[in-house]
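Novice: Show me how the following folds:
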Amino acid sequence: MHTVLVVDDDQHIRELLHLYLSKEGYMVIHAADGDEAIALALQHKPALILLDIMLPGRSGFQVCQELRERLTTPIIMISAKGEEIDKVTGLDLGADDYIAKPFSPREVVARVKAVLRRMAERDSGSQEEIRRGNLYLNLTQWIVQVEGHIITLTPKETELLWHLARHANRLFTREQLLQSVWGYEYFGDARTVDVHIKRVRQKLSVVPAVGWSIRTIWGEGYKFEVQ
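Specialist: Got it, this is the predicted structure:
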């Protein structure tokens, strides 16, 4: 049974998500503030964290940043803040996705299912190594290297890079990447893909790429190009 940590200072929201997630067979634990969230996350090692931004004490951004340094647990941020800058900030700190309030509990459950399904598919699949130019990837061991230099990516960033590199020279639309990497078929924000691509490029740029590049095809999507 998967454990999901719900972090929100609104008791009604915690109870609502508990109800819907429990019906789907998940074990649900709650936190009402940032300190409690970090303590429970480190103690229980949940399969996924639903994290509100506006929390007493430490903000959801601070919690996300600290947990991302210590855990690879998928994090979906939830907040009443709908501004684009808040979404980008959360994703930049290592969140896997973002849902704005007011939300449909069924949508939250669907996203939780999608993330955990993708994690299970990745863990159960036989993953070979990939070498593209001076880039080396090993998804099973979460290894990303350029010219032997270890590049630290989040699990979702690693999975995105793996998917693109595995299908070198193939163009993917943002919607196709949401479906293939996040598992979202009918919902999901294409901005999530853009921010993750930006972060991957920034982290990989510390060592010059040789023999490969991640190209943006304007108006269409992204391609991992091998020269």
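Novice: where exactly do the strands run in the chain?
Specialist: Under the criterion DSSP state E, strands of the chain are mapped to 3-7, 27-31, 48-52, 75-79, 97-100, 130-132, 135-138, 143-146, 149-150, 171-172, 212-217, 221-226.
Novice: Which one, of those strands, ends up nearest to residue 87?
Specialist: Nearest to residue 87, of all the strands of the chain, is strand 97-100, at 4.7 Å by CB to CB. Any C-beta I mention is one placed from the backbone N, CA and C, and that applies to glycine too.
Novice: just how off-centre is the closest one within its chain?
Specialist: Computed by CA atoms, centre = their mean, to the nearest Å, the chain-centroid distance of strand 97-100 equals 11 Å.
Novice: What is it packed up against?
Specialist: On a contact count with 3 or more CB pairs under 8 Å, 6 or more residues apart in numbering; DSSP states H and E, strand 97-100 meets strand 75-79, helix 84-92, helix 105-124.
Novice: Pairing partners for residue 130 in the sheet, please.
Specialist: Beta-bridge partners for residue 130, by DSSP bridges, are residue 137.
Novice: For it, list the residues it contacts.
Specialist: Contacts for residue 130 (CB atoms under 8 Å, 6 or more residues apart in numbering) come out as 136-138, 162, 165-166.
Novice: thinking again about what came up before, looking at the strands of the chain, which one has the lowest mean pLDDT?
Specialist: With a mean of 85, strand 97-100 has the lowest mean pLDDT of the strands of the chain.
Novice: What values do phi and psi take at the residue most central in space within the chain?
Specialist: Ranked by distance to the mean C-alpha position of the chain (CA atoms, centre = their mean), the top residue is residue 96 at 2.0 Å. When quoted as degrees, to the nearest 10, the phi and psi of residue 96 stand at phi -80, psi -30.
Novice: Return the distance of it relative to residue 213.
Specialist: From residue 96 over to residue 213 the distance is 25 Å, taken as CB to CB, to the nearest Å.
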